[in-house]
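S.K.: Attaching a predicted model along with its sequence, questions to come.
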Amino acid sequence: MIAPILKALELEGYAAPTPIQEQAIPQVLRGKDLLGCAQTGTGKTAAFAIPILQNLFLTDKNPVQSHYIKALILTPTRELAIQIDESFSAYGKFTGIPHTVIYGGVSQHHQTIQLRKGADILIATPGRLLDLMAQKIVHINHIKMFVLDEADRMLDMGFINDVKKVIAQLPEKRQTLFFSATMPPEITRLSASILKDPVRVEVTPVSSTAEKVEQLIYLVEKNDKRQLLIHLLKDENIQNALVFTRTKYGADKIARDLYKAGIKADAIHGNKTQNARQRALNNFKEGKIRVLVATDIAARGIDIDSLSHVINFELPNIPETYVHRIGRTGRAGAVGAALSFCDMEERAFLRDIHKLIDLTIPIATDHPFASNIKFVQTPVVQNNPMQRRPASHSGFRRTRTWSQRR
């Protein structure tokens, strides 16, 4: 690493690279195309941001081309785009390399102003990028490095056609990086069509869950879920919780019910304005609210330091989504807990999750809303799952890695 980046990493308190960073960064610095697979929370952002900054700092000295965008990072959600932009600010603060971020849901005015000032690195969501390209405000014909981040989530959210439109306008001669938490067949086929002799970096089994995340299932009747959630949140060991629900309406209603019960909570989903979403996220990060209720749009776009619990109010019907959700906790070497509610209609979802992660999640029975749902394949846990030590006293080493807060 060059001195300006090392200085920034030192200020951030990062001591050692994670496995995905250790394997990916040298390959990216050598100019290789790369297909990276690592579960969420392992530091993929630094794995591409650091070598991009270094390569541009060392090789791009032509002031005439300073107004051209040279690196494009395409990511599925607004929250994730903002956090990637923050990562580039942190790692590149001493390089002088300009970067900016564009995303939908807000006026394009300020984004356009920043683009006209010039940026070497652009972080973008697909819809806003294509919109500004159509207006001739963004030009990507000088791109040297292209990153498709959270590639599987990009496909899950229906962005495949938009991604192909963007790729079609990129220079043929470029370095392309794919990063993804899972590698379904669709991702493999897409990567084969646009990556050239790529290096594959895979540091964890596909669709595995973090080892330091304690997972528990609560069998409960559908109508009792809200009361169970309030009951669990009375436990002070739940320092903060990210609660996932399937619908936007459901997220708003849960947040209101929690607030009425004296629990500070807010909701975040696609129908909220960007300002409202960012305000709720900031309040959660700063501890002003204890619970953030989210739809799956936030499953990959939220990165919280020391998130103690993820609660699946409803099990996802796509098992890979479960991996993404619970990956919000247990990040950067910390421990965490993932509690999932399962009603009668969700038994099939639970079986699919068990099959995907190759693990049988234990059942918690010591709560007042236990259902008579039969699920004989799952062992029963009799102890109180909430009586767990806070992450800060877990006994795991606390050396900070490059992935923390990224």
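M.R.: Everything's here; your move.

S.K.: and the helix or strand containing residue 153, what does it pack onto?
M.R.: Using DSSP states H and E, residue 153 falls within helix 151-156. Counting contacts by 3 or more CB pairs under 8 Å, 6 or more residues apart in numbering; DSSP states H and E, helix 151-156 packs against helix 160-168, strand 175-180, helix 185-194, helix 319-326. Using the backbone N, CA and C atoms, a C-beta is placed for each residue, glycine as well.

S.K.: Could you list the low-confidence segments of the protein?
M.R.: Of all residues in the chain, those with pLDDT under 70 make up the ranges 39-41, 60-67, 204-211, 297-302, 331-334, 373-406.

S.K.: could you pull out the helices for it?
M.R.: Using DSSP state H, the helices of the chain run over 3-12, 19-29, 44-59, 78-91, 109-117, 126-134, 151-156, 160-168, 185-194, 225-233, 248-260, 274-285, 319-326, 347-357.

S.K.: Just to check, residue 165 is in contact with residue 131?
M.R.: No. Between residue 165 and residue 131 there is no contact under CB atoms under 8 Å: 11.4 Å.

S.K.: burial count for residue 113?
M.R.: 10 (other CB atoms under 10 Å).

S.K.: And residue 353, by the same measure?
M.R.: There are 29 residues near residue 353, going by other CB under 10 Å.

S.K.: State the distance from it to residue 362.
M.R.: Counting by CB to CB, to the nearest Å, the separation of residue 353 from residue 362 is 13 Å.

S.K.: again, but for residue 270
M.R.: To residue 362, residue 270 is 33 Å away according to CB to CB.

S.K.: got it, and residue 269?
M.R.: 30 Å.

S.K.: State the phi and psi torsions of residue 32.
M.R.: phi -80, psi 140 (degrees, to the nearest 10).

S.K.: Look at residue 269 and residue 362 and report which has more neighbours.
M.R.: residue 269 (21 against 17).

S.K.: from what I can see that one touches residue 249, true?
M.R.: No. Here residue 269 does not reach residue 249: they are 9.1 Å apart, not a contact under CB under 8 Å.

S.K.: returning to what we had before: tabulate the CA atom coordinates of the helix holding residue 153 in PDB.
M.R.: In PDB, the C-alpha atoms belonging to helix 151-156 read as follows (Å, rounded to 0.1, in the frame of the first residue of the first chain):
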ATOM      1  CA  ALA A 151     -24.100  -8.600  -8.000                       C
ATOM      2  CA  ASP A 152     -26.600 -11.300  -6.800                       C
ATOM      3  CA  ARG A 153     -28.700  -8.700  -5.100                       C
ATOM      4  CA  MET A 154     -28.600  -6.500  -8.200                       C
ATOM      5  CA  LEU A 155     -30.200  -9.400 -10.100                       C
ATOM      6  CA  ASP A 156     -32.700 -10.200  -7.300                       C
END
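
S.K.: Pull the contacting residues for the nearest residue to residue 283 once chain neighbours are set aside.
M.R.: For residue 283, ignoring the flanking residues on the chain, the nearest one in space by CB to CB, 6 or more residues apart in numbering is residue 289 at 4.9 Å. Listed by CB atoms under 8 Å, 6 or more residues apart in numbering, the contact set of residue 289 reads 264-266, 280, 283.

S.K.: Do I have it right that residue 338 meets residue 214?
M.R.: Yes. Between residue 338 and residue 214 a contact is recorded at 7.1 Å, counting by CB under 8 Å.

S.K.: Can you pick out the residue with more neighbours from the two?
M.R.: Each of residue 338 and residue 214 has its neighbours counted (other CB under 10 Å); residue 338 has more, 25 against 17.

S.K.: surely residue 87 meets residue 50?
M.R.: No. Contact criterion CB under 8 Å: residue 87 and residue 50 do not qualify, at 9.1 Å.

S.K.: Excluding chain neighbours, give the residue nearest to residue 288 in space.
M.R.: Using CB to CB, 6+ apart, the closest residue to residue 288 is residue 264 (7.1 Å).

S.K.: and the one you found, what is it in contact with?
M.R.: Neighbour list for residue 264: 258, 288-291 [criterion: CB under 8 Å, 6+ apart].

S.K.: swap the cut-off to 10 Å and go again
M.R.: Neighbour list for residue 264: 255, 258, 283-284, 287-291 [criterion: CB atoms under 10 Å, 6 or more residues apart in numbering].

S.K.: What is the nearest of the residues you listed to residue 72?
M.R.: Closest approach to residue 72 among those (CB to CB): residue 284, at 29.5 Å.

S.K.: what's the span of stretch 6-26, first residue to last?
M.R.: Using CA to CA, to the nearest Å, the end-to-end distance of stretch 6-26 comes out at 15 Å.

S.K.: Pop the domain breakdown of this structure in here.
M.R.: The chain breaks down into these domains under automatic domain parsing: 3-202, 213-393.

S.K.: What's the separation between residue 359 and residue 326?
M.R.: Per CB to CB, residue 359 is found 12 Å from residue 326.

S.K.: distance between the ends of stretch 262-275?
M.R.: The straight-line separation of the ends of stretch 262-275 (CA to CA) is 25 Å.

S.K.: And that stretch, how far out from the chain middle?
M.R.: Centre-to-centre, stretch 262-275 and its host chain are 18 Å apart (CA atoms, centre = their mean, to the nearest Å).

S.K.: residues of that stretch that come out buried?
M.R.: Using 16 or more other CB atoms under 10 Å as the test for burial, stretch 262-275 gives 263, 265-269, 272.
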